[in-house]
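Participant: Fold the following, please.
(one chain, ligands or ions: 1)
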Amino acid sequence: MFDPDVLGLFPDSSGIEDGQLSIGGVPARALAAEHGTPLVAYCEQTLRARAREIREAVPEALVVYASKAFPNIAILRLFAEEGLGADVASLGELAFARAAGIGSERVFVHGNAKSDEELRAAAEAGATVVLDAEDETERAASVGVARVLVRVTLGVEADTHEAIQTGHHGSKFGLPPAAAFRAVERARSLGLDVAGVHVHVGSQLADTAAHDETVELLASFATLCRDELGWEPAVVNVGGGFAVRHVPEEPEVRLGTVTRLAADGVLRAWRANDLREPQLVLEPGRALVGQAGVTLYRIRSVKRLDDVTWVAVDGGMSDNPRPGLYGARYTALSAARADEPASETVSVAGLHCESGDVLIDDVLLPSPRPGDLLAIPVTGAYTLAMSSNYNATARPAAVLVAGGDARVIRRRETIDDLLAFESYSNRSETPM
Ligand SMILES: Cc1ncc(COP(=O)(O)O)c(C=O)c1O
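Facilitator: Down below sits the predicted model:
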């Protein structure tokens, strides 16, 4: 029998009837039959609910979706309908945001190594560029960027995996206060509209302690700018990083609550320094799409060894590198046998040629068989977005499910797609 706590990790529209998992009114079995596996199914109801949760909790903020979590035009459009903008960090993500019709005033262009081409495209799109390095200032001005924020790195070590800390001393992102101060000064002297400041403390943060500490330091920075330069930020973008729960043992984080707390932290720090109340921007990624996404895999083989039972599925690190990258934890449900007793603890392996290609270390399942469908919840963020063609594997499709229908929002790659990238000639037939 399935664990209700595990079902609670699945999207809002999920249910189990006669042992069959369904999402958005579509049985997982039907999704797999029609669209193949691996497949990432996104629940429209959950995507909209998370967007609304933040907007209702922090109505004064502009919420922008950090599209790196899953750059997808259909989802960007759906969020645009909910009043959200987009954080983009590459030419491709910018193109997606534009294709989704997101208004330029809601697009923020990030990156610690932006190319001139990216800066030019940002300028043409009329987007706000988040300056990340002093030497970017001249380049931004020279290609016609009009509006910028300056990303400040305040040396706060967030309580998260080191690979997703970003605001610590020595981070490759942003500028420490002295350099950020010079960037503000320089950008203004070049005629750029320096609208404000940006911070992103880190990701998968279960509380706002690091946000609050950062924002207090940011308010001191803003005060210094006001006193020394006569300039204060009209916009304060506090980034994203709000955690999602992947396994029942992780704490539940209420998105509305943490975003409200983060916003209150800014107001408090700003008031304490007599700064003018800024336009607040929030930039969540995983918190918007993480729980909405479920990956369906087909079990290919079951290997019962003395110390471990390996359940090998038809995907792995090529569609979800997070366990290998930073020890992300997941759980799973036997999607078509959920009402059977969960009797066996197994490890879920991917199909790739790396021993580290393990999706789940330990999970309790009804005694698994080849051909079973496995559903891994909370795989909507940084999975397909970080996917690869390792082992010349074609990447999976993604579908959006709602009201009993599933619509393809990203088609499955084919081997022909992969062959099309290759350039080869039959040299052996070339005469000597
Ligand atoms: C600048 C910036 N904003 C927002 C985000 C989104 O973070 P998360 O998906 O943890 O909310 C990131 C993540 O890397 C980021 O670098």
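Participant: Do a quick rundown of the strands in the stretch 51-200 of the chain.
Facilitator: With DSSP state E, counting those that start in this stretch, the ranges of strands along the stretch 51-200 of the chain come out as 62-66, 85-88, 107-109, 128-131, 147-151, 193-198.
Participant: Pull out the buried positions in the helix or strand containing residue 222.
Facilitator: If you go by DSSP states H and E, residue 222 is part of helix 209-229. Applying a neighbour-count criterion of 16 or more other Cβ atoms under 10 Å, the buried positions in helix 209-229 are 210-219, 221-226. (C-beta placed from N, C-alpha, C; glycine too.)
Participant: For those, name the two members farthest from one another.
Facilitator: Using Cβ to Cβ, the buried residues of helix 209-229 span at most 24.5 Å, a distance reached by 210 and 226.
Participant: give the contact list for the nearest residue to residue 95 once chain neighbours are set aside.
Facilitator: Nearest residue to residue 95 in three dimensions, chain neighbours excluded: residue 121, at 7.9 Å (Cβ to Cβ, 6 or more residues apart in numbering). By Cβ atoms under 8 Å, 6 or more residues apart in numbering, the residues touching residue 121 are 91, 94, 95.
Participant: As TSV, those with pLDDT, neighbour count and distance to the ligand would be great.
Facilitator: Formatted as TSV, the contacts of residue 121 follow (pLDDT from 0 to 100; neighbours: other Cβ atoms under 10 Å; distance: Cβ to the nearest ligand atom, whole Å):
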residue	pLDDT	neighbour count	distance to the ligand
91	98	17	17
94	98	24	14
95	98	15	19
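Participant: that older thread, keep the buried residues of helix 209-229, but drop any that are not near the ligand.
Facilitator: Counting by Cβ under 6 Å from any ligand atom, nothing from those sits close to the ligand.
Participant: and which of the residues you listed is nearest to residue 361?
Facilitator: residue 210 (27.5 Å).
Participant: Is that closest one in contact with residue 164, as I believe?
Facilitator: No. When contacts are counted by Cβ atoms under 8 Å, residue 210 is not listed as touching residue 164 (11.7 Å).
Participant: joint contacts of those two?
Facilitator: What both residue 210 and residue 164 touch, as defined by Cβ under 8 Å, 6+ apart, is the set residue 202.
Participant: which regions of this protein sit below the pLDDT cut-off?
Facilitator: Low-confidence segments of the chain (pLDDT under 70): 427-432.
Participant: at 90 what do you get?
Facilitator: Within the chain, the set of residues satisfying pLDDT under 90 comprises 1-4, 155-171, 202-208, 326, 424-432.
Participant: and for stretch 300-314, what are the contacting residues?
Facilitator: With Cβ under 8 Å, 6+ apart as the test, stretch 300-314 has contacts from 37-38, 297-299, 344-351, 359, 365, 368-370, 374.
Participant: And it, end to end?
Facilitator: Using Cα to Cα, to the nearest Å, the end-to-end distance of stretch 300-314 comes out at 6 Å.
Participant: Repeat that for stretch 370-381.
Facilitator: Across stretch 370-381, first to last residue, Cα to Cα, it's 27 Å.
Participant: Buried residues, it. List them.
Facilitator: So stretch 370-381, judged by 16+ other Cβ under 10 Å, has buried residues 372, 373, 374, 375, 376, 377, 378, 379, 380, 381.
Participant: and the third one, what helix or strand is that in?
Facilitator: What it means is residue 374. Per DSSP H and E: strand 373-376 holds residue 374.
Participant: Which helix or strand lies directly C-terminal to that strand?
Facilitator: Downstream of strand 373-376 (by DSSP H and E), the next one is strand 397-402.
Participant: Contacts for whichever helix or strand comes after that next one, please.
Facilitator: The element immediately downstream of strand 397-402 (helix or strand, assigned by DSSP H and E) is strand 405-410. Outside of strand 405-410, the residues within contact range by Cβ under 8 Å, 6+ apart are 24-26, 30-31, 34-35, 41-42, 72-75, 384, 397-401.
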